[in-house]
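# model this:
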Amino acid sequence: MHCRRAYFLLLAGELLWISLLVLTPYLASKRFTLASDFFYYFFSHFCHQKPERSFFLWGEQMPVCARDVSVYVAAFFSSVVYPKVKRMCSTGLPSKWYLVVFLFPMAVDGTTQLLGFRESTNFLRFVTGFWAGLIAPFYFIPLMMSSSSVDVEDSHSSNGEGIHEVA
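Numbers count the residues shown, from 1 in each chain. Model (predicted):
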């Protein structure tokens with residue numbers, strides 16, 4: 001599979017995932033319980049689903065917590081702009097220091113709450129999750145492109161250089 005096709009399949013998958021996050025509470029609000037219960041169950045494998053840590057749409061809880069919603073939305077946003085910042089077919093990973101910078105606020109927020117120093121808010125969970133989600137595609141996409149099933153010899157890749165790769 002060419003890297004462009006893999007990239008667009010990734011975008012489609014991310015968009016489907018986010019759409020299901022919004023569709024689930026909508027279905028619950030319209031009392032389509034068989035469908036909404038299925039999606040809540042499905043997403044329970046990815047998130048604790050605590051109501052006090054979740055957003056609500058149409059009066060119904062989203063199937064993942066506020067932090068997870070923001071990670072997914074930010075990852076999708078970064079995936080969309082990825083070809084403008086870095087060559088789409090690139091298999092080089094950014095420095096690990098980017099991970100530290102982008103994950104540190106979320107780690108501090110989660111750890112200080114876990115240890116009982118304070119209670120986080122959904123706004124703070126959303127902001128720190130969004131910040132962390134922004135960097136995810138810059139690691140995931142190159143790893144996906146380096147898989148044996150993706151042909152990275154795509155001559156039509158974007159020419160952006162953006163985040164520097166580690167040799």
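
# could you list the buried residues of the longest helix anywhere in the chain?
In the chain, taking DSSP state H as the definition, the longest helix is helix 3-29. Buried residues in helix 3-29, defined by neighbour count with 16 or more other C-beta atoms under 10 Å: 3-4, 6-7, 10, 14, 21, 23-25, 27-28. All C-beta spots, glycine's among them, are computed from the backbone N, C-alpha and C.

# just the CA coordinates for the helix or strand just after it, please, in PDB.
Toward the C-terminus, helix 3-29 is succeeded by helix 33-44 as the next helix or strand (DSSP states H and E). What follows is helix 33-44, C-alpha atoms only, in PDB (Å, rounded to 0.1, in the frame of the first residue of the first chain):
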ATOM      1  CA  THR A  33     -30.300   1.900  23.700                       C
ATOM      2  CA  LEU A  34     -29.200  -1.200  21.800                       C
ATOM      3  CA  ALA A  35     -26.800   0.800  19.600                       C
ATOM      4  CA  SER A  36     -25.700   3.300  22.300                       C
ATOM      5  CA  ASP A  37     -25.100   0.400  24.800                       C
ATOM      6  CA  PHE A  38     -23.000  -1.400  22.300                       C
ATOM      7  CA  PHE A  39     -20.800   1.700  21.700                       C
ATOM      8  CA  TYR A  40     -20.500   2.400  25.500                       C
ATOM      9  CA  TYR A  41     -19.500  -1.200  26.000                       C
ATOM     10  CA  PHE A  42     -17.000  -1.000  23.100                       C
ATOM     11  CA  PHE A  43     -15.400   2.200  24.400                       C
ATOM     12  CA  SER A  44     -15.300   0.800  28.000                       C
END
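
# partners of the next helix or strand after helix 33-44, with directions?
Heading C-terminal from helix 33-44, the first helix or strand you meet, by DSSP H and E, is strand 56-57. Strand pairing for strand 56-57, determined by DSSP bridges: strand 60-61 (antiparallel).

# run the chain-centre distance for the helix or strand following the strand it pairs with.
For strand 60-61, the following helix or strand on the C-terminal side (DSSP H and E) is helix 66-85. Distance of helix 66-85 from its chain centroid, counting by C-alpha atoms, centre = their mean, to the nearest Å, is 6 Å.

# quick revisit: how far off helix 66-85 does the longest helix of the chain point, in degrees?
Angle, helix 3-29 to helix 66-85, by axes from the mean of the first three to the mean of the last three C-alpha atoms, to 10 degrees: 150 degrees.

# state the distance from residue 147 to residue 81.
22 Å (C-beta to C-beta, to the nearest Å).

# likewise for residue 106?
Taking C-beta to C-beta, one finds residue 106 at 21 Å from residue 81.
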